[in-house]
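here are the coordinates; sequence isn't available:
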């Protein structure tokens, strides 16, 4: 329903608030009211707009087009501001650019973006082996617009997208020998992909074409098989299939099928590529199954049964030449820990198995995951809200001789660092680093050795920001709001350095707060356009997210979900009383599950917001989750509760789901932004919501819906189109809080 991770937004200025342009004489579209009765647990809800769900109906399509026309008329005066923000995004972005090459086997892989082109171009060049491991893993210097000698184009997204309404790649893989390239393309925005295989020696496509696959694709190490996932009618990945190259797709083997509608299925290759690793699970427990490539016919083996109700990940690898399992798990460890298990132990009952502790449990540190290279354990943890990386040598792992963890050292208070790629044999791991005002950097971290005990960070690239960007023009601080129950809620507060603390600026509060997803610090070019207009932006790290460990998540889901909403309102109250902003000039923004948050706070505290922007908003959550046939519904029961079988979960959801709690109050300006082909949050949710809001609102502020008729859950697909969508959202916010003019000296230089 709402697994999308929205991009944190931005912030406005201190000019006199402006209202939206007068409503058009035509007025907003009024959908007919067709009562549909829904009854559960003795409760009856009459839904007057459920008929808008019929996507094939010409009447529905005409209604959606009328919503767009109304939105365009109401916001027409914002077009110059949208154009300005788009120009600022474009003017700060180096359009002809490239990624840092990553080595896999005998090749360096990278992507190029070209000015004027919507999509990236995937390329590669041969790697060389000199015998000096660090030199061999130093990426070639690639220049924007300059072709490297021997450069090969794997896939040009601009050619692939020609004549198509949408273009997205859902996975790609190359055989170990580098000869075959598999890639999966979506041309509708519905996240169903068509897989093709290219022979990179000839450039020819193989006859093998696989339709309607989901994310994820991998070759077996010998290159004879291709693994992929398939979704069921409810859009849940439920099969992993194996295609033998050159055989009919209809004969593809179902390697595994997951029939439990509440479990999600995925796969990957183990780091050393000796196993295929299947991950089956929900947010509360999981199961890992392994397939040995050197004993393919033996089939899958289970590491720990889901019946044990442990949430875990398992990585098979060789430790001192012995088969070992690295298990990251929550057995007696709410924040998770890391253990080693010998495969023979798995034959015993769980309570009799010998697990050797590698990383013990901590109430202050959340263990997010662990992996291995041929020499080191690589650990991802979260401490003090910040994601960090640590490495430990494999030598002595799980014994008294285990080495101390080494953490690459960064110098900012609020930052995000993570492993963005590692190769089993490499002497380095690739890392990404960013902060709110540090453009994303790519580092290679040289793994520690006796001669280099602290390792070494090698900066490979900092993403260029054009237009005279200076990081010291902006300030990011960590503040804390206090929720109604006394809980301290962390906030990231972003502003232009010239904004004065005189209670006159405009503000924007952004939040998500679901699925244990954290709104981590990250640089955003588009956000600068809000900060440059004097908007003070608060990113609220509310319960339901993962910023303060597993309990922070647990305390914002199911029957504690309302904590997410009240935390956000507490963040708003903090901003209103901070001395930075005029309390009458605060807007709110969130997307997907954060859109549910927007609907909830609009009902609970409409007077606190001048405007609310709800992107692909999950605002009719109860109706959706009550229908097990709708996409992803069963998977949502772990997050919200199961209202079908549980009267308490039903009553609790009924008390907050936005669509069913609209009231006769003066709502602020509201923009619901959605896509016709979104498969996660269906367009019908915001379409129904805006009708219900308009029908009961006692205020005069306009409520609009902007619908992208060709996009999916992330909106449209090309980068320029996405920039224009972001500019639309930000212009709506800036206009609504009267922050349309740049601060003196701010903006593009």
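Perfect, I can see it now. Nothing here was measured: the structure is a model prediction, and the numbers come from that model.

burial check on residue 233, number of neighbours?
Residue 233 is flanked by 9 other residues according to other CB atoms under 10 Å. (Each C-beta comes from the backbone N, C-alpha and C, glycine too.)

that one is in contact with residue 627, isn't it?
No: contact between residue 233 and residue 627 fails when scored by CB atoms under 8 Å: they sit 11.9 Å apart.

quick one: the strands in the stretch 451-600 of the chain?
456-462, 474-482, 488-496, 505-510, 535-540, 581-591 (DSSP state E, counting those that start in this stretch).

okay, these in TSV with mean pLDDT and mean neighbour count next?
Output for the strands of the stretch 451-600 of the chain, formatted as TSV (pLDDT from 0 to 100; neighbours: other CB atoms under 10 Å):
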stretch	mean pLDDT	mean neighbour count
strand 456-462	93	15
strand 474-482	97	17
strand 488-496	98	22
strand 505-510	98	31
strand 535-540	98	29
strand 581-591	98	26
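
out of the ones you listed, flag the one nearest residue 747.
strand 488-496 (10.4 Å; CB to CB).

got the end-to-end distance for stretch 346-353?
By CA to CA, to the nearest Å, the extent of stretch 346-353 from end to end equals 7 Å.

redo the strands of the stretch 451-600 of the chain as JSON lines? Include distance to residue 468.
Shown next, in JSON lines, are these (distance: least, CB to CB, whole Å):
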{"stretch": "strand 456-462", "distance to residue 468": "16"}
{"stretch": "strand 474-482", "distance to residue 468": "13"}
{"stretch": "strand 488-496", "distance to residue 468": "14"}
{"stretch": "strand 505-510", "distance to residue 468": "23"}
{"stretch": "strand 535-540", "distance to residue 468": "20"}
{"stretch": "strand 581-591", "distance to residue 468": "27"}
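
residues near residue 65, how many?
Per other CB under 10 Å, the neighbour tally for residue 65 reads 13.

can I assume residue 27 sits in a strand?
No: Residue 27: not assigned to a strand; according to DSSP: H, G, I helix; E, B strand; the rest coil it is coil.

quick one: contacts for it?
residue 70 (CB atoms under 8 Å, 6 or more residues apart in numbering).

okay, helices next: where are they in the stretch 151-300 of the chain?
Using DSSP state H, counting those that start in this stretch, the helices assigned to the stretch 151-300 of the chain run over residues 157-160.

over to the chain?
58-74, 79-92, 133-136, 157-160, 525-531, 550-554, 562-576, 593-604, 621-625, 633-640, 647-654, 684-696, 719-736 (DSSP state H).

among those helices, which gets the worst mean confidence?
With a mean of 82, helix 633-640 has the lowest mean pLDDT of the helices of the chain.

that one versus helix 593-604: what angle between them?
60 degrees (axes from the mean of the first three to the mean of the last three CA atoms, to 10 degrees).

count of neighbours near residue 697?
20.

list the contacts of it.
662, 664, 665, 666, 667, 703.

check residue 452 too.
Neighbours of residue 452 in contact, by CB under 8 Å, 6+ apart: residue 446.

and if you look at residue 93?
465, 466, 525.

looking at the strands of the stretch 451-600 of the chain, which is closest to residue 411?
Using CB to CB, the strands of the stretch 451-600 of the chain put strand 456-462 closest to residue 411, at 10.9 Å.

elements contacting the closest one?
Here strand 456-462 touches strand 441-446, going by 3 or more CB pairs under 8 Å, 6 or more residues apart in numbering; DSSP states H and E.

how about residue 415: which residues does it bridge to?
Note on residue 415: beta-bridge partners by DSSP bridges are residue 435.

which stretches of the protein aren't confidently modelled?
The chain contains residues with pLDDT under 70 at 1-25, 96, 630-633, 710-717.

what is in contact with residue 233 and residue 627 at once?
Counting by CB under 8 Å, 6+ apart, nothing touches both residue 233 and residue 627.

leaving out the residues flanking it, which one is nearest to residue 363?
residue 335 (6.6 Å; CB to CB, 6 or more residues apart in numbering).

touching, that neighbour and residue 552? I think so.
No: look at residue 335 against residue 552 with CB under 8 Å: they stay out of range, at 10.0 Å.

who has more neighbours out of these two?
Comparing residue 335 with residue 552 by neighbour count (other CB under 10 Å), the higher total belongs to residue 552, at 25 against 18.

show me what contacts the more buried one?
Residue 552 touches 543, 544, 545, 546, counting by CB under 8 Å, 6+ apart.

and what of residue 295?
Neighbours of residue 295 in contact, by CB under 8 Å, 6+ apart: none.

would you mind measuring from it to residue 323?
Going from residue 295 to residue 323 by CB to CB, to the nearest Å gives 12 Å.

repeat that for residue 116.
53 Å.
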